[in-house]
Structure formats: structure tokens, C-alpha cells
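Chemist: sequence and predicted structure below; questions after.
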Amino acid sequence: MTINILSIFPEMFESVFSASILGRAREQGLLDIRLTDIRPYSASKHKNTDDYPFGGGAGMVMMAQPIMDAMADVSAAYPGARRIYLGPRGKKLTTALARELALEKDLILLCGHYEGVDQRALDACVDEEISIGDYILTGGELAAMVLTDCVARFIPGVLGSSDSPEEESFSDGLLEYPQYTRPRELNGMEVPEVLLNGDHAKIRAWRRYQSLKATLLHRPDLLETAPLDEKDLKLLDEIRKEMNQICSSEN
Ligand code: 4H7
């Protein structure tokens with residue numbers, strides 16, 4: 001898959017896309033990330049990419065012309081690619097959407113900066129707007145990095161075969177259980193006994209319990225949609241009772 005990114009700050013992406021799992025994926029040819037600097041496409045003498053907003057108001061707006069010309073170039077090289085604008089008005093990025101995007105052959109991500117992009121460029125050359133969450137950023141670049149990272153995890157081979165994305169938080173609809181590594185004891189803090197004796201059925205049960213507990217504690221809303229079986233529901237009842245006991249003993 002090729003992810004094309006259009007930005008006036010292409011240098012922001014270098015280290016994020018070179019390190020760790022994304023760096024390895026690119027070296028292995030599983031993921032091709034191409035950055036296009038919008039600025040050289042500006043037809044103005046000083047290669048401006050932003051201008052004052054019609055109607056007045058604070059800040060600057062990214063001009064339509066450089067974006068439309070950059071997009072025309074990239075779209076011609078990647079026909080049929082989904083053209084995505086990262087912005088707070090967009091459809092929320094979720095695991096389901098990332099999984100869907102990972103099936104695409106190519107993506108084109110447009111990063112807005114300042115007060116956003118002239119609406120005519122969006123109307124003419126963007127298929128959809130995606131938001132990475134309900135908060136405001138200074139630009140779409142970080143959002144494009146988040147989307148790229150999130151999508152890359154669903155490209156076959158990007159994660160080692162042993163750490164499948166299916167086993168993780170949100171894919172089974174629950175939060176993750178706590179993890180431990182060596183040493184067994186650290187400043188008097190012990191690793192839970194159950195993880196040390198190699199009883200894998202017991203370990204699975206303990207982890208499920210911990211996932212349910214963390215979810216009940218921190219994201220009870222997820223329990224409404226997570227696929228839960230009879231055993232899970234019983235465990236949840238147990239956890240609720242324990243939590244009630246702790247609360248009532250505090251008074
Ligand atoms: C596109 C449109 C993404 C990009 C508007 C980008 C949050 C997200 C931006 C804006 C982003 C997200 C313009 C919104 C200036 C804020 C003060 C850049 N913020 N801006 N406004 N949640 N910012 O995905």
C-alpha cells in the first residue's frame with residue numbers, strides 16, 4: 001500500500017516514519033509512504049501557500065491553488081486512491097475504519113494547517129474528512145501520522161505474526177490486562193504469582209478478569225458493545241461485588 005501525504009511541513013514526518021515498526025515495514029516494502037511538499041506547487045512569486053480569510057477574522061487560510069495542483073499530480077500517479085482530509089469535522093477514526101482503510105490499495109492524506117483549507121479545494125479534491133478525536137491540533141500532520149500508524153498495523157506482515165492486532169485492546173472490545181517482565185521482584189513489588197507458574201489456562205482466565213476489571217473501571221461504555229460470554233458476565237458480577245465491598249468499607 002502507498003500512503004501519499006500532502007503537507008507544507010513534510011520534514012515533520014521523517015523520524016516518526018523511520019523508527020520502530022513503521023520503519024521496518026517500509027524497509028520490508030510492506031508500506032510505501034510518500035511525502036509531497038505542497039509549497040513548490042504554489043504559482044505565486046514567493047511560493048505562498050496561505051492567505052487572509054475572505055470576510056475577515058484571525059489567522060490564515062491555505063490557498064486552494066497549490067493544494068489542487070499538488071493533488072492533481074499525486075492523484076494522476078495513484079488513480080482511485082481514497083483522498084482523505086484530516087480535520088476535526090471528520091468521521092471519527094476507529095479500529096473499524098482503520099481496518100477498512102488498510103484494505104485500500106493507496107491513500108492520499110491532505111494535511112491542513114493554520115485556520116484550515118479554502119473550502120473549494122476540499123470540494124474539488126477530497127473524498128472524505130477524518131478526525132482522530134475530539135480535540136484541536138495546530139495542524140493535520142500529527143493526525144496523518146496517527147492515521148498512518150493505526151492503519152499500518154492492519155497491513156499483513158507489519159506486526160510480527162506473533163503479535164496479531166486482533167489480540168489487543170479494542171479489537172476484542174475490552175481494555176488490555178497489565179503486563180510484566182523481569183525482574184520478578186522490583187523494590188518490593190512482585191509480579192502476580194499466577195503469571196510465573198506456566199498454567200496457561202489460569203493465566204488466560206486471570207488476564208480476562210483483569211481486562212474486564214480495567215474496562216469496568218475506566219471505560220464501562222465499552223462493555224455495552226464488547227462480545228461477552230456467560231463466564232465474562234459472571235466475572236463482571238464478581239468484580240462489581242468486590243468493588244462495592246471496597247467502597248462500603250471505606251465509609
Ligand atoms: C483541518 C481543518 C485534525 C485541519 C481545520 C486537525 C484536529 C484534528 C486543521 C483545522 C486539526 C483532529 C483549523 C482546526 C484551526 C482548529 C483552530 C488542523 N485539529 N484546524 N482550528 N481531531 N487541526 O483530527
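Modeler: Received, thanks. Residues are numbered from 1 along each chain as shown.

Chemist: tell me which parts of this protein are close to the ligand?
Modeler: Residues of the chain lying close to the ligand (Cβ under 6 Å from any ligand atom) are 86-88, 112, 115-116, 131-133, 135-137, 139-140, 143. In short, each C-beta sits where N, CA and C put it, glycine included.

Chemist: the same query, at a cut-off of 8 Å, please.
Modeler: The chain comes close to the ligand at residues 59, 85-90, 93, 111-117, 129-140, 142-143, 146, as judged by Cβ under 8 Å from any ligand atom.

Chemist: in ChimeraX, how would I select just the buried ones from the residues you listed?
Modeler: Selection of buried members from the residues of the chain next to the ligand for ChimeraX, criterion 16 or more other Cβ atoms under 10 Å:
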select :85,86,87,88,90,93,111,112,113,114,116,117,129,130,131,132,137,139,140,142,143,146
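
Chemist: which stretches of the stretch 51-200 of the chain form strands?
Modeler: 61-62, 82-92, 106-111, 128-131, 185-186, 189-190 (DSSP state E, counting those that start in this stretch).

Chemist: can you spell out which helices and strands pack onto the third one?
Modeler: Contacts defined by 3 or more Cβ pairs under 8 Å, 6 or more residues apart in numbering; DSSP states H and E place strand 106-111 against strand 2-7, helix 64-77, strand 82-92, helix 141-152.

Chemist: can you redo the strands of the stretch 51-200 of the chain as CSV with mean pLDDT and distance to residue 35?
Modeler: Converted to CSV, the strands of the stretch 51-200 of the chain look like this (pLDDT from 0 to 100; distance: least, Cβ to Cβ, whole Å):
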stretch, mean pLDDT, distance to residue 35
strand 61-62, 98, 17
strand 82-92, 98, 14
strand 106-111, 98, 10
strand 128-131, 98, 18
strand 185-186, 98, 42
strand 189-190, 98, 44
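
Chemist: same list, the ones you listed, but as a markdown table with distance to residue 230 please.
Modeler: Supplementary listing: the strands of the stretch 51-200 of the chain in a markdown table, determined by distance: least, Cβ to Cβ, whole Å:
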| stretch | distance to residue 230 |
| --- | --- |
| strand 61-62 | 54 |
| strand 82-92 | 32 |
| strand 106-111 | 41 |
| strand 128-131 | 37 |
| strand 185-186 | 37 |
| strand 189-190 | 32 |
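
Chemist: so what's the backbone phi/psi at residue 222?
Modeler: The phi/psi pair for residue 222 (degrees, to the nearest 10) reads phi -70, psi -20.

Chemist: with adjacent residues omitted, what lies nearest to it?
Modeler: Spatial nearest neighbour of residue 222, chain neighbours left out: residue 215 (5.3 Å); criterion: Cβ to Cβ, 6 or more residues apart in numbering.
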